[in-house]
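**Q** Sequence and predicted structure below; questions after.
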Amino acid sequence: MLEWSLTSSVCCAGSGSIFETLRLGKPLIVVVNEDLMDNHQSELAEELAERKHLYCAHPQTLHQTISDMSIESLLPYPPGDATAVAKLINRFLGFPDD
């Protein structure tokens, strides 16, 4: 089980930033870029916030999110295991199983 660091992080809602920070076990506030056309950042951030892995904010709500947040209510993000997917791709490409 991951242990939370005592300090929290604030980052943009890019998937790389989100998952790298969650992998490090830091409480996270994600600020969504509202200028993106399809707003995929919002979808990811809101889903992970609903699952209680991070807090999701918008530039105009960041102050309120920081004021209201309770780090203790967040759940560590469980890392995924891509082994099965990698084996399937390798098999499809004709590489031998290891």
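**A** Looks like it came in fine.

**Q** buried ones in stretch 18-31?
**A** 18, 21-22, 26-31 (16 or more other CB atoms under 10 Å). Glycine gets a C-beta too; all of them are placed from N, C-alpha and C.

**Q** Break down this protein into its strands, ranges please.
**A** 9-12, 28-31, 55-57 (DSSP state E).

**Q** Can you list the helices and strands that the second one packs against?
**A** Think strand 28-31. strand 9-12, helix 15-23, helix 40-50, strand 55-57, helix 62-68 (3 or more CB pairs under 8 Å, 6 or more residues apart in numbering; DSSP states H and E).

**Q** how far does the third one sit from the chain's center?
**A** Here helix 40-50 shows a centroid-to-chain-centroid distance of 8 Å under the convention CA atoms, centre = their mean, to the nearest Å.

**Q** other SSEs contacting that helix?
**A** Helix 40-50 packs on helix 15-23, strand 28-31, strand 55-57, going by 3+ CB pairs under 8 Å, 6+ apart.

**Q** One more pass at 6 Å, please.
**A** strand 55-57 (3 or more CB pairs under 6 Å, 6 or more residues apart in numbering; DSSP states H and E).

**Q** For the protein, name the helix or strand with the lowest mean pLDDT.
**A** strand 9-12 (a mean of 63; mean pLDDT, DSSP states H and E).

**Q** Just give me the neighbour total for the residue lying closest to Lys87 once chain neighbours are set aside.
**A** Nearest residue to Lys87, sequence neighbours excluded (CB to CB, 6 or more residues apart in numbering): Asp97, at 6.7 Å. By other CB atoms under 10 Å, the residues close to Asp97 number 6.

**Q** Could you list the low-pLDDT ranges of this protein?
**A** Residue ranges of the chain with pLDDT under 70: 1-13, 35-39, 98.
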